[in-house]
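[1] let me see the structure of the following:
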Amino acid sequence: MGYTVKITDVLSLTHNVKQITTEKPKDYHFKPGQATEVAINKKGWTEEKRPFTFTSLPEDEHLEFVIKTYHNHEGVTHEIDSLEEGDEVIIDDAWGAIEYKGTGTFIAGGAGVTPFIAIFKSLEKNNKIGENQLIFSNKTGDDVILESYFNDILGDNFISTLTHQNIEGHENKIVDMDFLKSHLENFTQNFYVCGPDAMVKDVSKHLEMLGASPEGITFEK
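    Next comes the predicted model:
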């Protein structure tokens, strides 16, 4: 089912990431970590649907999305980059397999962090951050979404690593077998993995080789 909602706010989070807030349809439901298909309500774009994750909480009176835009692509995300307050988008019902199942380690690559934003917001609101930790891989420091937020709520349990830049406060490594061995002691915990397909595949394989149960690794299939 499609719902047409008006954009109420657009905020730039990084050089290529926008936070878009919209109205929320009556009785609309989702779980933290879930996504929906989004289309722009403009001529020629209403059938061009793309999946985006909710970064608001289910109980909020608005919907929020954090979206990476590509200025040099002639596609939907390029068009989203030009959206303004008052424009409309069309959303479907919520879907998605990434759901919180208990304390563990979240491993994200780039915009793959978006399902984890709502989960961490929910944990923070309910005072259940506990020993959850986030390993977040990006190319450069300018690409790190919500860095100060994750630092605030997670402290030392927020590990940021950059693959294309070496700057203070971040590691300068890819998330491979050695990286996981050096940062994790317990491989029987829950793992949540989201990012580019190749990264999800590689990280999941490394975790299993280090002793993680396939049932203990949650990712979008």
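[2] residue boundaries of the helices in the chain?
    Assigned by DSSP state H, the chain shows helices spanning 76-81, 114-125, 147-154, 177-183, 197-209.
[3] other SSEs contacting the fourth one?
    This means helix 177-183. helix 197-209 (3 or more Cβ pairs under 8 Å, 6 or more residues apart in numbering; DSSP states H and E). Every C-beta, even on glycine, is put in place using the N, C-alpha and C of the backbone.
[4] kindly report the same for the third one.
    Secondary structure elements in contact with helix 147-154, counted by 3+ Cβ pairs under 8 Å, 6+ apart, are helix 114-125, strand 133-138, strand 158-162.
[5] any stretches of the chain with poor pLDDT?
    72-73, 221 (pLDDT under 70).
[6] what residue lies at the spatial centre of it?
    Geometric centre of the chain, nearest residue: Thr114, 1.2 Å, by Cα atoms, centre = their mean.
[7] might you report the residue contacts of the closest residue to that residue other than its chain neighbours?
    Spatial nearest neighbour of Thr114, excluding adjacent residues (Cβ to Cβ, 6 or more residues apart in numbering): Thr53 at 4.0 Å. Contacts for Thr53 (Cβ atoms under 8 Å, 6 or more residues apart in numbering) come out as 33-35, 65-66, 96, 114-115, 117-118.
[8] pull the most distant pair out of those.
    Maximum pairwise distance among those (Cβ to Cβ): 14.8 Å, between Val66 and Gly96.
[9] between the two, who's got more neighbours?
    Higher neighbour count among Val66 and Gly96: Val66, with 23 against 18, using other Cβ atoms under 10 Å.
[10] how about the strands in this protein?
    Listed in chain order, the strands of the chain (DSSP state E) span 3-14, 17-23, 35-40, 50-53, 62-68, 88-91, 104-109, 133-138, 158-162, 190-194, 217-218.
[11] distance to Asp202 added to those strands, as JSON lines?
    JSON lines is the format used below for the strands of the chain (distance: least, Cβ to Cβ, whole Å):
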{"stretch": "strand 3-14", "distance to Asp202": "25"}
{"stretch": "strand 17-23", "distance to Asp202": "24"}
{"stretch": "strand 35-40", "distance to Asp202": "22"}
{"stretch": "strand 50-53", "distance to Asp202": "21"}
{"stretch": "strand 62-68", "distance to Asp202": "21"}
{"stretch": "strand 88-91", "distance to Asp202": "32"}
{"stretch": "strand 104-109", "distance to Asp202": "10"}
{"stretch": "strand 133-138", "distance to Asp202": "11"}
{"stretch": "strand 158-162", "distance to Asp202": "14"}
{"stretch": "strand 190-194", "distance to Asp202": "10"}
{"stretch": "strand 217-218", "distance to Asp202": "12"}
